[in-house]
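Participant: Show me how the following folds:
(one chain, ligands or ions: 1)
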Amino acid sequence: MRILETKNYEEMSALAADIIGAQVLLKPRCVLGLATGSSPIGTYQKLIEACRQGRLDFSQVRTVNLDEYCGLTGDNPQSYRYFMDHQLFSQVNIPRENTFLPDGMAQDMEEESRRYEALVASLGGVDLQLLGIGHNGHIGFNEPTDSFPPTVHQVELTESTIQANSRLFDRIEDVPTQAITMGVGTILKADKILLIAGADKKSIVEEALYGKVTPQVPASVLQLHRDVTVITCREG
Ligand code: GLP
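Facilitator: Next up, the predicted model:
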């Protein structure tokens, strides 16, 4: 595991975008696993800049996102589809049909889970998976639990995640209580993993990287993956 400490959010974002950009340069038809949340916004801005300057070409890239809220349509500004469309996809030259997220509106979540797991596999797996981390150590929406979920599945969000994510909603009652997420097993199948974490995540990052590997701290499982890069920042 490589741990790179940067000065601030700006530097963390630039470095993360360099690593993702290198992946795209090395393999133009790569599969990127992408994340939502505040952490990757700066990274996406740097990727947009690089694309606008002609340094990166996303025309052959395929993307699979980690997760989606249940019950929100893609045109709902709180959905992760909307987030990705606005924060990245509409601003780089990626064909929209090459971008995939789980369908949070699916009638049958078990079937949708199987479909999304199979879709990731059918693309040939993920070359580079970008991750943020929740304050309770969640990755994607894999919340602390008794065993590591192997595949895509529906989850009940914990109170702390609902609280944390309510900052982006008008009212806490509007935060969905369920989501569909890649499992920890799905995430671990990626060839390379890049975790980015702001200064506010310092203590959970230490617990995840240096503590016991346990499903109670889902990100701790990353200690077992052969190619993980973690970028932290000292401030901001
Ligand atoms: C959400 C997402 C996670 C993300 C986490 C942290 O719960 N499902 O994938 O890592 O939030 O978000 P932030 O970067 O905003 O702290």
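Participant: list the contacts for the spatially closest residue to Thr158 that is not a sequence neighbour?
Facilitator: Leaving out its chain neighbours, the residue that sits closest to Thr158 by CB to CB, 6 or more residues apart in numbering is Glu143, at 4.9 Å. The C-beta positions use only the backbone N, C-alpha and C, and glycine is treated the same way. The contact partners of Glu143, taken as CB atoms under 8 Å, 6 or more residues apart in numbering, are 134, 136, 155-158, 161, 218.
Participant: Counting neighbours, which of the residues you listed comes out on top?
Facilitator: Pro218 (25 neighbours; other CB atoms under 10 Å).
Participant: Show the contacting residues for that one.
Facilitator: By CB under 8 Å, 6+ apart, Pro218 lies in contact with 137-139, 142-145, 148, 184.
Participant: Write down the beta-bridge partners of Gln178, one by one.
Facilitator: Beta bridges link Gln178 to Glu156 when assigned by DSSP bridges.
Participant: Just the closest of the contacts of Pro218 to Gly54, please.
Facilitator: Using CB to CB, Ile139 comes nearest to Gly54 of those, at 33.4 Å.
Participant: tally of neighbours for the closest one?
Facilitator: Here the number of neighbours of Ile139 (other CB under 10 Å) works out to 28.
Participant: do the same with Glu117
Facilitator: There are 20 residues near Glu117, going by other CB under 10 Å.
Participant: average model confidence for the helix or strand encompassing it?
Facilitator: In this structure, Glu117 sits in helix 109-122 according to DSSP states H and E. Mean pLDDT, helix 109-122: 98.
Participant: before we move on, the earlier item: can you report phi and psi for the residue nearest to Thr158?
Facilitator: phi -80, psi 160 (degrees, to the nearest 10).
Participant: got the contact list for the residue positioned nearest the centre of the chain?
Facilitator: Against the mean C-alpha coordinate of the chain, by CA atoms, centre = their mean, the closest residue is Ala35 at 2.2 Å. Applying CB under 8 Å, 6+ apart, we find Ala35 in contact with 65-66, 130-132, 140.
Participant: give me phi/psi at it?
Facilitator: According to degrees, to the nearest 10, Ala35 has phi -130, psi 160.
Participant: Next: Val230.
Facilitator: Recorded main-chain torsions at Val230 are phi -120, psi 130, according to degrees, to the nearest 10.
Participant: what's the neighbour count on it?
Facilitator: 21.
Participant: how much space is there between it and Arg62?
Facilitator: Going from Val230 to Arg62 by CB to CB, to the nearest Å gives 25 Å.
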